[in-house]
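Trainee: Here is the input, now give the coordinates:
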Amino acid sequence: MKTLILYSLRKSTESVLFGLIFFSFVFMPDNFKSQQKQFARVKTAYTEKEKLVKELFSSKGIELSSATIFIRAFKKEAQLEVWGKSEKYEKYQLIKTYSICSSSGELGPKRKQGDGQVPEGFYHIDRFNPYSNFYLSLGVNYPNASDKILGNKGNLGGDIFIHGNCVTIGCMPLTDDKIKEVYLMAVEAKSNGQTKIPVHIFPCRMDENGMKYLEKEFKTDVKLVPFWKNIQKGYEHFENDKTLPTISVLNNGEYSIR
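Mentor: Next up, the predicted model:
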């Protein structure tokens, strides 16, 4: 119980710190990468991981200096993938798969504050926190437009991050060592001009076997299976084409995926 309370207190400071950091960014004349590298932990990440990350991308024929990235996570498998592509090509290639070292909640989307759930659906990175209580953290824009329609209105919660350390209530921790790599990749992509880094979060790999598992284990839940069949379309689009689908949210909260 003490661990959970401490985690909540530490996590609640993330947004406050981000506000201060954002304020400093607004008045710095240099580019985003230069701004980020002024922070000690980011500088350490570049010292320790830049060579490795460049090699990961170059092994796929991608120059890190022009790369864009896409993040995909699977809760059941406890995996987070980083995909990348160069400006010359539309299709993404898998750069590296990371283990999510701790989890909370169950399969299914996050619908209210305090449910311990990791969100499911289609998101993007909306915050970079080099002062995180969990070493480095990348904020996920939960609640998104779908969550605001389908979730517990007025009590949705927030502050969902991909971060370091190995404790979590609703986030995706990778350890301090591995978040250095992912954070660096995200800094590079944003510095390269990528305005939104997509983050797709699924209950599991939503292939035929994955859907059979979900339909069998949750067959009595009248809301979960239809939700999963909806987001499966986004999974299939990327699996089949290695390009990102165009996603919007309908008035009923469902995703339109094409």
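
Trainee: rest of the way, CA atoms for contacts and neighbours
Mentor: Will do.

Trainee: now the strands for this structure?
Mentor: Remark: strands assigned in the chain by DSSP state E are 68-74, 79-85, 93-99, 121-129, 137-140, 160-163, 172-173, 198-202, 247-249, 255-257.

Trainee: Export those strands to JSON lines and append columns for mean neighbour count and distance to residue 35.
Mentor: Shown next, in JSON lines, are those (neighbours: other C-alpha atoms under 10 Å; distance: least, C-alpha to C-alpha, whole Å):
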{"stretch": "strand 68-74", "mean neighbour count": "22", "distance to residue 35": "19"}
{"stretch": "strand 79-85", "mean neighbour count": "21", "distance to residue 35": "23"}
{"stretch": "strand 93-99", "mean neighbour count": "17", "distance to residue 35": "25"}
{"stretch": "strand 121-129", "mean neighbour count": "21", "distance to residue 35": "11"}
{"stretch": "strand 137-140", "mean neighbour count": "24", "distance to residue 35": "16"}
{"stretch": "strand 160-163", "mean neighbour count": "26", "distance to residue 35": "20"}
{"stretch": "strand 172-173", "mean neighbour count": "27", "distance to residue 35": "24"}
{"stretch": "strand 198-202", "mean neighbour count": "22", "distance to residue 35": "22"}
{"stretch": "strand 247-249", "mean neighbour count": "14", "distance to residue 35": "31"}
{"stretch": "strand 255-257", "mean neighbour count": "18", "distance to residue 35": "36"}
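
Trainee: Can I get those strands in a markdown table including distance to residue 149 and mean pLDDT?
Mentor: Shown next, in a markdown table, are the strands of the chain (distance: least, C-alpha to C-alpha, whole Å; pLDDT from 0 to 100):
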| stretch | distance to residue 149 | mean pLDDT |
| --- | --- | --- |
| strand 68-74 | 23 | 98 |
| strand 79-85 | 27 | 98 |
| strand 93-99 | 31 | 98 |
| strand 121-129 | 13 | 98 |
| strand 137-140 | 18 | 98 |
| strand 160-163 | 18 | 98 |
| strand 172-173 | 24 | 98 |
| strand 198-202 | 18 | 99 |
| strand 247-249 | 9 | 98 |
| strand 255-257 | 11 | 98 |
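
Trainee: so can I have TSV of the ones you listed showing distance to residue 52?
Mentor: Output for those, formatted as TSV (distance: least, C-alpha to C-alpha, whole Å):
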stretch	distance to residue 52
strand 68-74	16
strand 79-85	14
strand 93-99	11
strand 121-129	21
strand 137-140	20
strand 160-163	19
strand 172-173	20
strand 198-202	23
strand 247-249	33
strand 255-257	35
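
Trainee: so which of the ones you listed comes closest to residue 112?
Mentor: Among the strands of the chain, the nearest to residue 112 by C-alpha to C-alpha is strand 160-163 (12.3 Å).
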